[in-house]
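[1] Have a look; sequence and predicted model below, questions after that.
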Amino acid sequence: MEKILIFGHKNPDTDTICSAIAYADLKTQLGLNVEAVRLGEVNGETQYALTQFNTAAPRLVETVAGEASSVILVDHNERQQSAADIDQVRVVEVIDHHRIANFETSQPLYYRAEPVGCTATILNKMYKENGLKIGKEIAGLMLSAIISDSLLFKSPTCTEQDIAAARELA
């Protein structure tokens, strides 16, 4: 089974990095061969969360076509925010909470976009839908992502779903 890379947008924030890690965990529990990677440097806030929850940052890649023919995007869908060679691979899934723009595929895919404040909120639902357990470290990373993206629950994009997910993950 060929490996599928999972990554968020360039200039990654806490949601991008933590959601890639969490979705890789979910997909691994489902029996897929996946790897979370990142397209940019880890910022201080994200590094703090990774350190607190004893998790290594995903490895840095600049391009993806040389190592995978299929990828999964989290926390973004716009080509200009993605890997430089995104047009050379098949996007098989997108999990996002942003607008949809400049996005086109040649084949059908699983696309999940919800109007919530954080991708990790959607992933929390997906763990439950699949009857999967969220480990302590992954739960901490997902909670960190929600707190960050919702600006401590003060962002206008923060929803009751984000708050409920944060409570569950805590």
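    Cool, the structure landed. Numbering: from 1, shown residues only.
[2] which parts of stretch 130-141 are buried?
    Neighbour-count burial for stretch 130-141 flags Ile134, Glu137, Ile138, Ala139, Gly140, Leu141 (criterion: 16 or more other CB atoms under 10 Å). C-beta here means a position set from N, CA and C on the backbone, and glycine is covered the same way.
[3] tell me the SS of the most centrally placed residue in the chain?
    Among the residues of the chain, Ser19 comes closest to the average C-alpha position under CA atoms, centre = their mean, at 2.9 Å. For Ser19, the assignment made with DSSP: H, G, I helix; E, B strand; the rest coil gives helix.
[4] please renumber so the chain begins at 456
    Understood, numbering begins at 456; the last thing we discussed is Ser474.
[5] Next one: it relative to Arg567, how far apart?
    12 Å (CB to CB, to the nearest Å).
[6] residues bridging contact with the two, i.e. touching both?
    Contact with both Ser474 and Arg567 is made by residues Ile550, according to CB atoms under 8 Å, 6 or more residues apart in numbering.
[7] circling back to that earlier point, in this structure the residue nearest to the centre of the chain contacts Ala575, no?
    Yes - using CB atoms under 8 Å, Ser474 is in contact with Ala575, at 5.3 Å.
[8] who touches the residue nearest to the centre of the chain in this structure?
    Applying CB under 8 Å, 6+ apart, the residues contacting Ser474 are Gly463, Val529, Asp530, Ile550, Cys573, Thr574, Ala575, Leu578, Met597, Ala600.
[9] Which parts of this protein are strands?
    For the chain, applying DSSP state E gives strands covering 459-462, 489-493, 514-515, 525-529, 545-551, 565-568.
[10] Surely Glu522 touches Glu457?
    No - applying CB under 8 Å, one finds Glu522 not in contact with Glu457, separated by 9.8 Å.
[11] Compare these two and say which one has the larger neighbour count.
    Glu522 (14 against 8; other CB atoms under 10 Å).
[12] pLDDT at the spatially closest residue to the more buried one that is not a sequence neighbour, what is it?
    Of all residues not flanking Glu522 in the chain, Leu460 sits nearest, at 7.0 Å (CB to CB, 6 or more residues apart in numbering). Looking at Leu460, its pLDDT stands at 98.
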